[in-house]
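1. Sharing a model that was predicted from the sequence below.
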Amino acid sequence: MLFAGRNNWMNLMSYFNPVNPAILSKTLLLASLFPLLGCQPNGQNTELPPFDGERAFAEVAALVEFSPRDAGTPAGWKAAEHIAKRMEGFGIAVEVDTFSDMTPEGEKTFRNVIGRIPGKTDQWIILGSHFDTMPGIEHFQGANDSGSSTGVLLEIARMLAGQVPDIGIIFAFFDGEEGIAHYIPGDGLHGSRRMAGQLRQSGEYKKIKAMILLDMVGDKDLHFTVPYNSSRELVKEVFGAAQATGHRNRFSLTRSVITDDHVPFLEIGIPAIDIIDFRFGSESGLNDYWHTEADHLENISAESLKITGEITLELLQSLTFITNPE
Ligand SMILES: [Zn+2]
């Protein structure tokens, strides 16, 4: 992922907790987020099995086989095909969107992988992750950035395949998140800018109720540093889901602004949040594994993927009222 002023990011960090758990009321929050849908589930909540962190880890390991999976390279395209095949294997309709975009190194070809679980209404929540790796790092696996979030999304897709939520779920696997030229405008976020542009042009953006981005969710020392440029209603929802699953102490809302794949959606008026742990390092508080060869499978854990999966599933259930097929 990208970060404004990352060299001094720790100095800039200042944590605060604006949400008082005592006033967290999911019903009220949902009422504000989805006023047109009403607040009551119209079916029984599905009892999903527990999120399996080992399965998610296996997905990460399988993706890492393609590394480095840089955008615009054959390995990157194969990684996209691999993700599409996994989704199809779960029985989820999937589209591979191949497109060209300009980069500081000239035009490149990217592949977004988009899977959909339709709901009872023509409204949608986007659950997103990038899958490309940062170029130019020797022996780079990108197990955390961006394998971890991709693995969690795939495992959630497997679990939810065949469900009929009130609101549909779009699984968006973005190519080309990583910038290559010091974060100049137009560099990086190629896949998310592409999708947001399509939604804007087609008018479908009006049907998207929320965009939930996962990024760097596998650190063994998992503590989410939710950036300030996340929609407040979703911050409350995510913190509520964390509370409900016993993981509230793993979240802080920071004063940092992070340029990540949620930004193009914010820019077209879709509520969006970046669920990211931007402290991936050798010690608590450090981010020294980020964009180095230390970002490998041994430095992430199935347990952290499980925690992320549990929170995300809880969030999706509260946002979409996932119900049994009728
Ligand atoms: Zn990155």
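-> Nice, thanks for sending it over. Numbering: from 1, shown residues only.

2. Leaving out sequence neighbours, find the closest residue to His139.
-> Spatially, and ignoring its direct neighbours in sequence, His139 is nearest to Glu293 (4.3 Å; Cβ to Cβ, 6 or more residues apart in numbering). Backbone N, C-alpha and C define where each C-beta goes, glycine included.

3. Please verify my assumption that that neighbour contacts Asn144.
-> No. Here Glu293 does not reach Asn144: they are 12.0 Å apart, not a contact under Cβ atoms under 8 Å.

4. Looking at the two, which is more packed in?
-> Of the pair Glu293 and Asn144, Asn144 is the one with more neighbours under other Cβ atoms under 10 Å, namely 26 against 12.

5. now the more buried one: how far from Trp290?
-> Look at Asn144 and Trp290: by Cβ to Cβ, to the nearest Å, they are 8 Å apart.

6. shared neighbours, those two?
-> Here Asn144 and Trp290 have 216, 280 as joint contacts, going by Cβ atoms under 8 Å, 6 or more residues apart in numbering.

7. distance between the ends of stretch 253-262?
-> 16 Å (Cα to Cα, to the nearest Å).

8. Can we start the residue count at 805 from this point?
-> With 805 as the first residue, the last one maps to stretch 1057-1066.

9. Now do the longest helix seen in the chain: which elements does it pack against?
-> Counting residues, the longest helix found in the chain (DSSP state H) is helix 1106-1124. The helices and strands touching helix 1106-1124, judged by 3 or more Cβ pairs under 8 Å, 6 or more residues apart in numbering; DSSP states H and E, are helix 830-837, helix 857-868, strand 925-934, helix 953-964, strand 971-978, strand 1012-1019, helix 1036-1048, strand 1076-1080.

10. can you do 6 Å?
-> Identification of packing neighbours for helix 1106-1124 by 3 or more Cβ pairs under 6 Å, 6 or more residues apart in numbering; DSSP states H and E yields helix 857-868, helix 953-964, helix 1036-1048.

11. could I get those as TSV with distance to Asp1064, mean neighbour count and mean pLDDT?
-> Shown next, in TSV, are these (distance: least, Cβ to Cβ, whole Å; neighbours: other Cβ atoms under 10 Å; pLDDT from 0 to 100):
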stretch	distance to Asp1064	mean neighbour count	mean pLDDT
helix 857-868	19	21	98
helix 953-964	11	27	98
helix 1036-1048	14	21	97
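
12. Mind checking these for the one nearest to the ion?
-> Nearest to the ion, of all the helices and strands packed on helix 1106-1124, is helix 953-964, at 10.7 Å by Cβ to the ion.

13. okay, now Thr925: neighbour count?
-> So Thr925, with other Cβ under 10 Å, has 15 neighbours.

14. roughly how far apart are it and Lys1011?
-> 9 Å.

15. which neighbours do the two share?
-> Here Thr925 and Lys1011 share no contacting residue, scored by Cβ atoms under 6 Å, 6 or more residues apart in numbering.
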